[in-house]
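Trainee: no sequence on this one, just coordinates:
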């Protein structure tokens, strides 16, 4: 199953997706303080947090819904650039700095009717006017740290149609929103 390859693909997901088409874009859905789910609180060691939720699109088609969380006080430290990302991919921040380290990727299944899947569905409908694709239940997560600073947890949920295409090899070029 090709989805497993996507769930285990190292490096920048944004770069891999951008390599598949002509126009890659990040649509910011929500950014600001928010409560965390228990797994997120465990991973970042905080309950007061900053959350950024985005949709990754290729040639206008949404392929990934992503949620990044970090303790709010991290915005005054190593993750301060998170506030100013706008429509740029988080990969611009994470993979351009050699001091950032990532934990191994974990495969995640979004529980049917769970808080994360409900949030994804609401945002997907608001952004696209449609319900999320049937079977959009698989994702992956990992935690990034810059030196020994506070953690930044990233979770990415994939549309099932992405499983029809193998992930391309890592692309070394830096990705900017709206371009390859």
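Mentor: Received it, and whenever you're ready, just let me know what you need. None of the values given here were measured: they were computed from a predicted structure.
Trainee: contacts, neighbours, all on C-alpha from now
Mentor: OK.
Trainee: Quick one: low-confidence residue ranges for this structure.
Mentor: Within the chain, the ranges that satisfy pLDDT under 70 run 1, 170-180.
Trainee: which residues in it form helices?
Mentor: Remark: helices assigned in the chain by DSSP state H are 2-8, 13-18, 38-44, 91-94, 115-128.
Trainee: Which residue comes closest to residue 58 once chain neighbours are left out?
Mentor: Leaving aside its chain neighbours, residue 58 sits nearest to residue 24 (4.6 Å; criterion: CA to CA, 6 or more residues apart in numbering).
Trainee: roughly how far apart are the residue nearest the centre of the chain and residue 156?
Mentor: In the chain, the residue lying closest to the centroid (CA atoms, centre = their mean) is residue 66, at 3.2 Å. Distance of residue 66 to residue 156, given as CA to CA, to the nearest Å: 4 Å.
Trainee: Over to residue 105?
Mentor: Distance of residue 105 to residue 156, given as CA to CA: 11 Å.
Trainee: what residues are up against the closest residue to residue 50 other than its chain neighbours?
Mentor: Among residues not flanking residue 50 along the chain, residue 33 sits closest, at 4.5 Å (CA to CA, 6+ apart). Neighbouring residues of residue 33 by CA atoms under 8 Å, 6 or more residues apart in numbering: 48-51, 72.
Trainee: go again using 10 Å as the cut-off
Mentor: By CA atoms under 10 Å, 6 or more residues apart in numbering, the contact set of residue 33 is 48-52, 69-72.
Trainee: Can I get the residues you listed in a markdown table including distance to residue 38?
Mentor: Output for the contacts of residue 33, formatted as a markdown table (distance: CA to CA, whole Å):
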| residue | distance to residue 38 |
| --- | --- |
| 48 | 12 |
| 49 | 12 |
| 50 | 15 |
| 51 | 14 |
| 52 | 17 |
| 69 | 12 |
| 70 | 13 |
| 71 | 14 |
| 72 | 16 |
